[in-house]
Every structure is written in structure tokens, then in C-alpha cells.
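J.: any chance you could fold what I've pasted below:
(one chain, ligands or ions: 1)
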Amino acid sequence: MTQQEDQQEELAERRAAVAELGAAVRALTDAAVVSEVDDATLRSVAAAVAELVPSLTAARRERHERPATDPPGSGHRWYNPVIGAGNPMAPPVHVELVDGRAVGTCVLGLAYEGPRGYVHGGISALLLDQILGHAHGASGRPGMTISLSLRYRGPVPLNTPLRITGWLGESDPGRPSDADDHGDDRQPSHAIGTISTADEPDSVLVEARGKFIVPNRKQVQRIFGGEDFAR
Ligand SMILES: CCCCCCCCCCCC(=O)SCCNC(=O)CCNC(=O)[C@H](O)C(C)(C)COP(=O)(O)OP(=O)(O)OC[C@H]1O[C@@H](n2cnc3c(N)ncnc32)[C@H](O)[C@@H]1OP(=O)(O)O
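T.: Numbering: from 1, shown residues only. Predicted coordinates:
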């Protein structure tokens with residue numbers, strides 16, 4: 001086996017272990033928010049969970065440090081709060097590119113509740129921001145959101161397969177389209193997204209409109225210390 005194959009196998013192992021822990025803690029979260037067991041049981045589970053923390057934090061990363069799952073150039077985000085299999089707060093949403101559109105699927109449990117039985121509006125915004133980011137990134141220029149507005153047309157049901165779709169709209173006609181003195185394309189991209197149930201994809205429950213920019217060199221330096229932020 002070559003050294004590169006060795007590294008690939010190690011990476012796959014690491015990602016599988018991270019996804020396993022993510023799924024286990026996600027199941028724990030789901031159990032915690034639906035549980036109606038007695039107080040003594042809640043307290044004993046709380047104590048048992050608290051005892052587990054030090055075994056995880058024995059080796060930890062800090063802000064700006066890459067996790068072992070996401071080596072430079074991979075473009076992976078195993079702890080992303082929407083798509084990351086390793087992040088227990090992520091549903092996680094499974095995203096595919098279909099005919100230039102980003103299409104996400106997921107089921108949201110009671111941990112994401114806003115109005116009783118329905119998804120919290122902030123969670124819908126989180127999901128849409130991410131899917132718009134994928135639609136923008138699909139053009140080969142991953143960017144950052146500079147504005148996001150939502151129209152909540154109908155409540156989004158929990159425990160129901162959902163479909164989240166994002167695509168790019170027309171560019172802003174009021175702005176220059178060519179590289180200017182910043183040396184970058186300064187024209188923000190408009191992205192549009194929707195949430196519906198998988199059963200009724202044409203019935204839009206939430207609609208989002210966002211603007212994305214591709215940070216120029218100075219901005220990448222200022223915000224990310226010069227590292228290619230999308231890779
Ligand atoms: C496959 C992969 C999947 C990848 C999938 C990944 C999906 C992840 C999706 C998650 C996306 C996120 O959540 S991103 C995180 C949320 N977003 C952020 O944190 C961005 C926070 N904002 C900032 O840091 C800043 O505002 C900046 C860097 C964007 C701009 O600040 P600045 O450099 O001081 O510029 P400023 O003077 O404010 O800007 C003046 C005007 O120029 C515009 N402008 C500024 N920079 C640019 C630019 N680079 N390009 C165009 N336009 C620009 C501004 O919008 C503004 O327009 P006007 O207003 O005058 O019209």
C-alpha cells in the first residue's frame with residue numbers, strides 16, 4: 001500500500017468514527033428533548049453524560065484549527081452545523097447538485113421545534129443559508145452571505161421528510177460586473193431558496209433570497225488569516 005493510500009484509509013476511518021459519535025450524540029439529543037421519564041432518571045443520565053466529556057476533550061482543537069476530518073484542499077466540513085455528520089446539532093442535511101440546483105433533504109426532530117409541532121424559523125434560516133451557499137459554491141466560487149431575507153409562507157412540519165432547494169438568480173444590474181480596483185469580481189450574486197415537504201415539493205413553505213460575495217484577497221487575509229477559506 002502506498003503512503004497516500006495509507007493516509008486515505010486513515011482519513012476514512014477517522015471520518016467514520018466522527019460520524020458514529022455524531023449520530024450517537026444526535027440520538028441522545030433527540031431522546032433528551034422527547035423524554036418524559038422521571039426526574040431521578042433525568043439526573044442519573046445527566047451525571048453519566050457529564051462523566052463522558054473529559055474523555056473527548058483530552059485532545060481538542062481551538063478556533064481556526066482544522067479538524068483531522070477536513071485536511072487542506074478537501075473542501076470537507078464534517079462539523080458543519082447543517083451538513084456535518086460529526087456535528088450532533090446538524091440534522092444532517094444531505095445535499096446534492098441536480099441540474100445546477102442544490103437540493104437538500106432531511107427530517108427535523110423535536111430538537112428543532114418552534115411553534116408546537118413545527119420547525120423554528122431560525123432553523124429554516126440556517127438551512128436556507130447553507131443551501132444558498134451550496135448553490136453559489138456550485139458556480140466554482142464559494143462565498144459568504146452578506147444578506148438573507150425570508151418569507152415564511154406556511155409552517156414547516158417536524159418529523160416529516162423535507163426538501164430544501166437553492167439556485168442562483170439574476171446578478172445585481174446596478175453594480176459593475178468586471179474586476180475593479182480591488183482586483184476581484186465585486187458583483188454580489190443573488191441566490192434563491194425554498195423549503196417544502198418532500199411529498200409536496202411545489203408547495204413552498206419558506207422562501208429565501210440571499211446575496212453572496214466572494215471575499216477578495218484583503219478580506220480573506222483579514223478574516224481567515226489568508227488561508228483559502230473554502231478549501
Ligand atoms: C462547493 C462548496 C460548497 C460550500 C457550501 C458552504 C455553505 C456555507 C454557507 C454559509 C454561509 C455563511 O453563513 S457566511 C457567514 C455569514 N456572513 C458573514 O459573516 C459576512 C460578514 N460580513 C463581512 O465580513 C463584511 O461585511 C465583508 C467582508 C463581506 C465586507 O466588508 P468590507 O470589506 O468592510 O466591505 P464594505 O465596505 O462593508 O463593503 C462595501 C460594499 O461592497 C460590497 N462588497 C464588499 N466586499 C465585496 C466583495 N468581495 N465582492 C462583492 N462586493 C463586495 C459590500 O457588500 C458593500 O455593498 P453595499 O452594501 O454598499 O451594497
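J.: switch to C-alpha atoms for all contacts and neighbour counts from now on
T.: Will do.
J.: number of residues surrounding P155?
T.: For P155, the neighbour count with other CA atoms under 10 Å is 16.
J.: please tell me I have it right and V18 contacts G86.
T.: Yes - V18 is within contact range of G86, at 5.1 Å (criterion: CA atoms under 8 Å).
J.: between these two, which is the more surrounded one?
T.: G86 (26 against 20).
J.: phi, psi for that one please.
T.: Torsion angles at G86 (phi, psi; degrees, to the nearest 10) stand at phi -90, psi -10.
J.: got the contact list for the one helix or strand in the chain whose mean pLDDT sits lowest?
T.: Sorted by mean pLDDT, DSSP states H and E, the helices and strands of the chain end with helix 217-224, the least confident at a mean of 91. Contacting residues not belonging to helix 217-224 are listed as H64, G226, E227, D228, F229 [CA atoms under 8 Å, 6 or more residues apart in numbering].
J.: so who does the fourth one touch?
T.: Looking back up the chat, that one is D228. V220.
J.: give me the nearest residue to the most centrally placed residue in the chain, chain neighbours excluded.
T.: Nearest to the mean C-alpha position of the chain, counting by CA atoms, centre = their mean, stands V82 at 2.7 Å. In this structure, V82 finds its nearest non-sequential neighbour in A90, 4.5 Å apart by CA to CA, 6 or more residues apart in numbering.
J.: tell me the contacts of that neighbour?
T.: By CA under 8 Å, 6+ apart, A90 lies in contact with N80, P81, V82, I83, G84.
J.: top of those by neighbour count?
T.: Neighbour counts for the contacts of A90 (other CA under 10 Å) peak at V82, which has 25 neighbours.
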